[in-house]
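In: starting from these lines, generate the structure:
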Amino acid sequence: MNSFDALDRLLFRILDTEGTISISDLARKARRGRDTVAYRLRRMEEEGVLRGVEPILDPGALGLGLFKTYVSFAHSPTSVERALKTLRAHPQVYCAARSFGRWDLIFNMVAHDAREFSEARDEVLSRSTADIREMESAVFTEMVYFNRKYLGDKPRSWTALSHSRTIEVDDAFRRVLRRMCVDARESEVAIAKVEKLTPIVVRTRRQQAESNGVIIGYRARFDRSAFELSSYKFHIQLRRHTTHAIQGLREFAHRHPYVSQFMLHIGGWPCEMNVEAHDNRHAAQIIDELRAKHGEDIGLIDISLYDRDSFSWGFGIEKVRGEVEGTGSESLASAV
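Out: Now for the predicted structure:
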């Protein structure tokens with residue numbers, strides 16, 4: 001972040017937790033002129049630092065479970081790329097990432113139950129089955145998202161899968177939600193035009209998603225490499241499966257400036273943390289901090305480095321290339 005000044009860092013902090021804030025409100029919070037703030041946002045976009053706005057979603061509010069799969073291949077380069085191509089277009093895949101470490105590929109899928117997940121997982125891996133050396137799957141019981149505390153803001157969090165309910169949704173709801181996941185800054189008119197709906201339908205479905213806890217927040221997408229950071233995943237075995245031990249790990253994740261997500265699973269690794277670190281030495285330092293505070297509660301820690309990750313919700317609708325990559329046609333400076 002050496003090339004960013006105080007105003008840049010302030011805008012980053014605000015957008016990190018209020019991604020859909022209007023440019024006028026953003027300028028008011030920053031105590032700067034609207035034109036100045038718009039120029040800064042436009043420059044950040046042109047430099048690739050800002051890459052749109054995404055909603056933070058809770059699939060449990062739609063009665064969906066979230067499942068994770070770890071895969072190691074015998075001939076990883078070819079198999080990983082082939083599997084990634086299929087995964088990134090599949091409507092039930094939320095996240096697919098190439099990994100370095102014990103696992104070559106890690107991906108998350110939504111499904112109503114374990115049987116549906118198993119069938120979908122086998123479908124996307126069908127062309128690579130003969131090359132799989134090792135595979136594990138798990139079901140999420142909790143996923144906590146954190147703000148980017150290294151930007152200097154106080155800790156904030158959003159918890160998904162904390163409850164499960166069933167709300168009545170129609171095809172228009174799924175289409176609006178999918179389009180918002182591509183870029184939540186898109187106007188109601190723009191979404192209506194693409195999805196062949198009316199702006200009022202888009203507005204009501206968006207309000208339905210927010211009021212029913214499907215959308216639990218909004219945040220800007222940043223290119224972490226602009227902050228000289230890489231994405232690591234800590235896979236953690238627990239020695240003590242107690243409420244006290246888990247709460248201690250959750251609080252560590254909540255307070256640590258470089259932990260971006262905290263997850264609990266049944267199966268596979270009981271606990272995981274997503275960490276944005278500057279390099280391997282920095283990641284090792286965070287592990288030392290974790291062991292110093294919670295060494296009696298945790299056992300083996302395995303590490304994966306993500307080469308490239310892709311996050312996109314489909315909700316039963318096939319994705320196209322632009323949606324998979326999370327690209328948008330509108331600039332943030334003109335849309336917020």
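
In: for the rest of this, base every contact and every neighbour count on C-alpha atoms.
Out: Fine.

In: can you show me the strands along the stretch 101-250 of the chain?
Out: Assigned by DSSP state E, counting those that start in this stretch, the strands in the stretch 101-250 of the chain fall at 105-111, 132-146, 157-160, 215-222, 230-238.

In: now, of the ones you listed, which is deepest in the fold?
Out: Across these, averaging neighbours per residue (mean count of other CA atoms under 10 Å) puts strand 105-111 on top, at a mean of 24.

In: about what we covered before: quick one: closest of the strands of the stretch 101-250 of the chain to R178.
Out: R178 sits nearest to strand 215-222 of all the strands of the stretch 101-250 of the chain, at 11.7 Å, using CA to CA.

In: quick one: which of the strands of the stretch 101-250 of the chain is nearest R32?
Out: strand 215-222 (19.8 Å).

In: can I get that closest one in CSV? Just the C-alpha atoms.
Out: In CSV, the C-alpha atoms belonging to strand 215-222 read as follows (Å, rounded to 0.1, in the frame of the first residue of the first chain):
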residue,chain,number,x,y,z
ILE,A,215,-27.9,-10.6,1.3
ILE,A,216,-26.1,-9.7,4.6
GLY,A,217,-23.8,-7.0,3.3
TYR,A,218,-22.0,-5.4,0.4
ARG,A,219,-18.3,-4.9,-0.2
ALA,A,220,-16.0,-3.8,-2.9
ARG,A,221,-13.8,-6.3,-4.7
PHE,A,222,-10.1,-5.4,-4.5
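
In: rewinding a little: columns mean pLDDT on top of the strands of the stretch 101-250 of the chain, output as JSON lines?
Out: What follows is the strands of the stretch 101-250 of the chain, written out as JSON lines (pLDDT from 0 to 100):
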{"stretch": "strand 105-111", "mean pLDDT": "92"}
{"stretch": "strand 132-146", "mean pLDDT": "94"}
{"stretch": "strand 157-160", "mean pLDDT": "94"}
{"stretch": "strand 215-222", "mean pLDDT": "92"}
{"stretch": "strand 230-238", "mean pLDDT": "94"}
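
In: can I get these in TSV with distance to I286?
Out: TSV is the format used below for the strands of the stretch 101-250 of the chain (distance: least, CA to CA, whole Å):
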stretch	distance to I286
strand 105-111	22
strand 132-146	16
strand 157-160	20
strand 215-222	22
strand 230-238	10
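
In: closest one to H75 among these?
Out: Using CA to CA, the strands of the stretch 101-250 of the chain put strand 132-146 closest to H75, at 8.5 Å.

In: mind checking pLDDT for the residue nearest to H241 when sequence neighbours are not counted?
Out: Excluding the flanking residues, the one nearest H241 by CA to CA, 6 or more residues apart in numbering is D297, at 7.9 Å. In this model, D297 is scored at 95, pLDDT.

In: wait, D297 touches R239, no?
Out: Yes: between D297 and R239 there is a contact under CA atoms under 8 Å: 5.1 Å.

In: quick one, which of the two is more surrounded?
Out: Neighbours were counted for D297 and for R239 using other CA atoms under 10 Å; D297 has more, 18 against 13.

In: how close does that one sit to L249?
Out: From D297 across to L249, the span is 9 Å (CA to CA, to the nearest Å).

In: go on, I23?
Out: 37 Å.

In: which residues does the closest residue in space to G52 that isn't next to it in sequence contact?
Out: Using CA to CA, 6+ apart and skipping the chain neighbours, the partner closest in space to G52 is R221 (5.4 Å). By CA atoms under 8 Å, 6 or more residues apart in numbering, R221 lies in contact with D16, L50, R51, G52, V53, E54.

In: now tabulate those in TSV and tack on neighbour count and distance to A74.
Out: Shown next, in TSV, are these (neighbours: other CA atoms under 10 Å; distance: CA to CA, whole Å):
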residue	neighbour count	distance to A74
D16	22	39
L50	22	37
R51	20	35
G52	27	37
V53	27	37
E54	23	35
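
In: now, those that are in strands?
Out: L50, R51, G52, V53, E54 (DSSP state E).
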